[in-house]
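Colleague: can you look at this prediction? I've put the sequence above it.
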Amino acid sequence: MKDMLDAKKIREDFPIFKRLVKGKPLVYLDSTATTQRPNAVMEAMDDYYHNYNANVHRGVYTISEEATRAYENARDKVSRFINANRRECVVFTRGTTESINLVASSWGRTNLKPGDEILLSVMEHHSNLVPWQLVAQQTGARLRFIPLTRDGRLDLEKLPQLLSAKTKIVSLTYVSNVLGTINPVASIIKQAHAVGAVVMIDGAQAAPHIKIDVQAIDCDFLAFSGHKMLGPTGTGVLYGKLHLLEAMPPYHGGGDMIVEVQLERSTYREPPGKFEAGTPNVAGVIGLGAAIDYLNRLGMEAIQTHERALVRVALDALKGFNDIEVYGPIPERSGVVAFNMKGVHPHDVATILDDEGIAIRAGHHCAQPLMHWLNVPATNRASFYIYNTDDDVERLMSALRKVQEIFAPVPVP
């Protein structure tokens, strides 16, 4: 296992870093939203389209069988990546959002009733909030929320008061997409299971950055997206314990998820098949498999070490700005730094940084309840990944000093 990443060498695998933005080399600091793709991922997808483009699970001819093998081989890669005990526990979706909606709709509408409780947190992404709002409205279940501490962690002292026999499902993010908080999910899952609750983990910001072992943390469901971990957009994963998937009704109906269809009734395949209706994103899933291969070659421990080093450099540099406030826990966080510059709207900051060839995110980051908790309309967010360097951090700081200059008060004559 490598101890450190050679980010400059890694950048050679990503063609986008050869381009200029506003005449300057691109500094990409929005990997929390979506990562860039290495050549290996695009080549794997091109190989499918050029050499064995066919539908899966249907044809008995050669290229269809080749496509099916490649598609199912990607399922095996995902299963090993998260240490699932069965490959059948891995369902391919369009992303984290669809994975959570699948559980909320299929498991939620089947198992929730008036008086039941759904436990979430204040730091959730909208994708792990809105689906549960919908299912609560449909079933009469009640939403409850884990509050946050002042430094942006889950206030776990309140957890025993929130968990009870009424708690049927707990759905939490593993890593906050704004604060960078890494939640102690294994401990939370253990406490939730003690009261009989099922636990869903939003792993969108965890899977690209830290090693996930679903058996070790004992989650019942896990969702993550391909495009946040070097893979294609429109790909994602739902992991579920097999007995839960077997008991859940289909989320979509259509071709390939059936055993037999009659005019008035149908029977369905076993998981994961019954949740993968229609023609899947074959090329995308193959690309996701290639992305996992790439991450495995680097090593997840090395990736996390690299990100933490960059975050430390960024946080230390930001201490030199007396007009910048940083949000989230300082000692332990993922590769995300959310901040605001006093008196300057985040959109203005991001626009000026773009003139310097630097891409950061500015807005509410699909976490408006968290923005309300922070008492801000929006934040700037710089997020780091395997292809970022200390030079990127230095250019970010230089551009922030330019923002200061532009918005400096005009001296009174």
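Modeller: Sure thing, it's come through.

Colleague: which parts of the stretch 1-150 of the chain are helices?
Modeller: Remark: helices assigned in the stretch 1-150 of the chain by DSSP state H, counting those that start in this stretch are 7-10, 39-51, 62-81, 96-102, 109-111, 130-139.

Colleague: winner for burial among these?
Modeller: Counting by mean count of other C-beta atoms under 10 Å, helix 96-102 has the highest mean neighbour count of the helices of the stretch 1-150 of the chain, with a mean of 25. (Glycine included, C-beta is placed from N, CA and C.)

Colleague: got any ranges where the stretch 1-150 of the chain has weak pLDDT?
Modeller: Applying pLDDT under 70 to the stretch 1-150 of the chain picks out residues 1-3.

Colleague: about what we covered before: for Leu230, which of the helices of the stretch 1-150 of the chain is the nearest?
Modeller: helix 39-51 (6.0 Å; C-beta to C-beta).

Colleague: convert the C-alpha atoms of the closest one to PDB, please.
Modeller: Extracted C-alpha coordinates of helix 39-51, given in PDB (Å, rounded to 0.1, in the frame of the first residue of the first chain):
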ATOM      1  CA  ASN A  39      -8.300   8.000 -19.300                       C
ATOM      2  CA  ALA A  40      -8.800   4.400 -18.000                       C
ATOM      3  CA  VAL A  41     -12.500   5.000 -17.300                       C
ATOM      4  CA  MET A  42     -13.200   6.600 -20.700                       C
ATOM      5  CA  GLU A  43     -11.200   3.900 -22.500                       C
ATOM      6  CA  ALA A  44     -13.200   1.200 -20.800                       C
ATOM      7  CA  MET A  45     -16.500   2.800 -21.900                       C
ATOM      8  CA  ASP A  46     -15.100   3.400 -25.400                       C
ATOM      9  CA  ASP A  47     -14.000  -0.200 -25.600                       C
ATOM     10  CA  TYR A  48     -17.600  -1.300 -24.900                       C
ATOM     11  CA  TYR A  49     -19.100   1.000 -27.500                       C
ATOM     12  CA  HIS A  50     -16.500   0.200 -30.100                       C
ATOM     13  CA  ASN A  51     -16.200  -3.600 -29.700                       C
END
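
Colleague: what does that helix rub up against?
Modeller: With contact meaning C-beta atoms under 8 Å, 6 or more residues apart in numbering, helix 39-51 is reached by 13-15, 63, 67, 70, 230-232, 282-284, 286-287, 289-291, 293-294.

Colleague: what does stretch 390-401 give?
Modeller: For stretch 390-401, the surrounding residues in contact (C-beta under 8 Å, 6+ apart) are 27, 29, 310, 313-314, 317-318, 320-321, 324, 341, 349, 352-353, 356-358, 360, 382, 384.

Colleague: which among these end up buried?
Modeller: 27, 29, 310, 313-314, 317-318, 321, 324, 341, 349, 352-353, 356-358, 360, 382, 384 (16 or more other C-beta atoms under 10 Å).

Colleague: now, those residues that are in helices?
Modeller: Leu310, Val313, Ala314, Ala317, Leu318, Val349, Ile352, Leu353 (DSSP state H).

Colleague: including distance to Pro131 and pLDDT, could these go into TSV?
Modeller: Listed next are these as TSV, based on distance: C-beta to C-beta, whole Å; pLDDT from 0 to 100:
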residue	distance to Pro131	pLDDT
Leu310	33	96
Val313	37	96
Ala314	33	97
Ala317	38	97
Leu318	35	97
Val349	32	98
Ile352	36	98
Leu353	33	98
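
Colleague: quick one: which of the helices of the stretch 1-150 of the chain is nearest Ala204?
Modeller: helix 96-102 (4.2 Å).

Colleague: could you dump that closest one to CSV, C-alpha only?
Modeller: Presented in CSV, the C-alpha positions along helix 96-102 are these (Å, rounded to 0.1, in the frame of the first residue of the first chain):
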residue,chain,number,x,y,z
THR,A,96,-27.1,8.1,-4.6
THR,A,97,-30.3,10.0,-5.2
GLU,A,98,-32.1,7.1,-6.9
SER,A,99,-30.7,4.6,-4.4
ILE,A,100,-32.1,6.5,-1.4
ASN,A,101,-35.4,7.0,-3.3
LEU,A,102,-35.5,3.3,-3.9
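
Colleague: pull the distance from it to the chain's centre.
Modeller: 11 Å (C-alpha atoms, centre = their mean, to the nearest Å).

Colleague: other SSEs contacting it?
Modeller: strand 90-93, strand 198-202, strand 221-225, strand 236-240 (3 or more C-beta pairs under 8 Å, 6 or more residues apart in numbering; DSSP states H and E).

Colleague: quick one, which of the contacts of helix 39-51 are buried?
Modeller: Judged by 16+ other C-beta under 10 Å, buried ones among these: 13-14, 67, 70, 230-232, 282-284, 286-287, 289-291, 293-294.

Colleague: could you say which helix or strand contains the residue most central in space within the chain?
Modeller: Nearest residue to the geometric centre of the chain (C-alpha atoms, centre = their mean): Ala204, 1.5 Å. For Ala204, there is no host helix or strand (DSSP states H and E).

Colleague: can you check Ala362 too?
Modeller: Using DSSP H and E, Ala362 sits within strand 361-363.

Colleague: determine how far the last residue of stretch 203-222 lies from the first.
Modeller: 6 Å (C-alpha to C-alpha, to the nearest Å).

Colleague: what do you get for stretch 175-185?
Modeller: 9 Å.

Colleague: helices of the stretch 151-300 of the chain, residue ranges please.
Modeller: Going by DSSP H, counting those that start in this stretch, the stretch 151-300 of the chain shows helices at 159-162, 185-194, 214-217, 242-247, 282-298, 300-318.

Colleague: with respect to Pro377, which of those helices lies nearest?
Modeller: helix 300-318 (20.5 Å).
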